[in-house]
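Peer 1: Quick one, what's the 3D model for this:
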Amino acid sequence: MADEFDFSELRNYLQGQVDLGAGLDEFYLDEPWALEKKQVAPAGRPFIPPTPASRPAPIPQRPAPLHQNSAAPAPQPPQPASFSGNQGSMFGGAPAANAPAPRVAKRSASAFESANSLDEFYTQIKAEALYSKEPNLVRYMGPERPKVLFLLPGVKPGMDPAVFFQSPVGEMLIRLFANLNIGPESMGVTYFFKSTERALSPLLETALKKMLVKELSFIQPEMMVSCGQPLFHQLFGRAKSFDDLAGSDQDFSGTKTCALVDFYQMVNDKQLKWLTWKVHIPRSAYFTAK
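Peer 2: The predicted model follows:
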């Protein structure tokens, strides 16, 4: 059976359930999963032997004429019973019942959705299953309603998020956006996954996007700048092309957003800096209006 069916989608789904914890399983009971058979190359066309020529039918002999006063009419062949409509099967079974309607799972609201402040929001998400084993959560750092909010995938191993703007990457961003008349006092930074950067399953990405929407409702940035191609796909889907849309005006749940190349790759790559400044940023109506 393992060779016949493709279990990759089911494996991703179960991995996401593990990441989200057993306490959230009711959120995703309405997601259907159907095993799909692996595509197999069609077998060669079977050999069909030629049909032998049929013999001519013999000419029947002329029957004897019937007597005019025949005693009984010729017997008729029996008519087959009809099984149409709501009759039972020919084996005496009950009529087939209609397939039951799929059960719709009720989605209960998470506690963080009712948070009334940014501090309360961080307290609530710390209790969620996906953050329950994380020792510390990285919070937003920056002013109220920043002109630019940098969104990073997660904290780089060995990096101190408290001094992000004093790091080589942070200093590079300050110099870059100073040319757009945006000073460091108008910049903020937050993280998609609020701990050490790691691989994310599709279900975990969905939960983090929901949390980010709530977080942005408190931060209220004028523009959010996401870092790198993987994060772009996590926010906007894998069907969109990063190369075609990098720097252009996007919308993430009501927040103006533009995606740039990975800041950590850009800091040591002059070509990526040139691409960002000469190609990507000019695509943004928000930045070109500065």
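Peer 1: can we go C-alpha only for contacts and neighbour counts from here?
Peer 2: OK.
Peer 1: Buried residues, the strand or helix carrying A207. List them.
Peer 2: Using DSSP states H and E, A207 sits within helix 202-219. The neighbour-count check on helix 202-219 (16 or more other CA atoms under 10 Å) flags 203-205, 208-209, 211-212, 214-216, 218-219 as buried.
Peer 1: so can I have CSV of these showing distance to F165 and pLDDT?
Peer 2: Supplementary listing: those in CSV, determined by distance: CA to CA, whole Å; pLDDT from 0 to 100:
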residue, distance to F165, pLDDT
L203, 31, 92
L204, 28, 93
E205, 26, 95
L208, 24, 97
K209, 24, 97
M211, 24, 96
L212, 21, 98
K214, 24, 97
E215, 21, 98
L216, 20, 98
F218, 21, 98
I219, 18, 98
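Peer 1: Output those in CSV, with distance to L173 appended to each entry.
Peer 2: Putting the buried residues of helix 202-219 into CSV (distance: CA to CA, whole Å) gives the following:
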residue, distance to L173
L203, 31
L204, 29
E205, 26
L208, 25
K209, 24
M211, 25
L212, 22
K214, 26
E215, 22
L216, 21
F218, 23
I219, 20
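Peer 1: Name the nearest of these relative to L235.
Peer 2: K209 (7.0 Å; CA to CA).
Peer 1: Against P202, how distant is the closest residue in space to that closest one that isn't next to it in sequence?
Peer 2: Of all residues not flanking K209 in the chain, L235 sits nearest, at 7.0 Å (CA to CA, 6 or more residues apart in numbering). From L235 across to P202, the span is 11 Å (CA to CA, to the nearest Å).
Peer 1: tell me what the helix holding A207 is packed against?
Peer 2: Counting contacts by 3 or more CA pairs under 8 Å, 6 or more residues apart in numbering; DSSP states H and E, helix 202-219 is packed against helix 8-20, helix 118-126.
Peer 1: Only C-alpha atoms, please: export the next helix-or-strand element following that helix in PDB.
Peer 2: Sequence order places strand 223-227 as the next helix or strand after helix 202-219, per DSSP H and E. Extracted C-alpha coordinates of strand 223-227, given in PDB (Å, rounded to 0.1, in the frame of the first residue of the first chain):
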ATOM      1  CA  MET A 223       4.700  50.100   5.900                       C
ATOM      2  CA  MET A 224       5.900  46.600   6.700                       C
ATOM      3  CA  VAL A 225       9.100  45.300   5.000                       C
ATOM      4  CA  SER A 226       9.500  41.500   5.000                       C
ATOM      5  CA  CYS A 227      12.900  39.900   4.800                       C
END
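Peer 1: Buried by neighbour count: which residues of the helix or strand that comes right after strand 223-227 qualify?
Peer 2: Sequence-wise, the next helix or strand downstream of strand 223-227 (DSSP H and E) is helix 229-236. For helix 229-236, a neighbour-count test (16+ other CA under 10 Å) marks 229, 231-232, 234-235 as buried.
Peer 1: quick one: which of the residues you listed is nearest L245?
Peer 2: F232 (9.6 Å).
Peer 1: Before we move on, what's the pLDDT of that closest one?
Peer 2: Per-residue confidence (pLDDT) for F232: 98.
Peer 1: How about the contacts made by M224?
Peer 2: 148-151, 255-258 (CA atoms under 8 Å, 6 or more residues apart in numbering).
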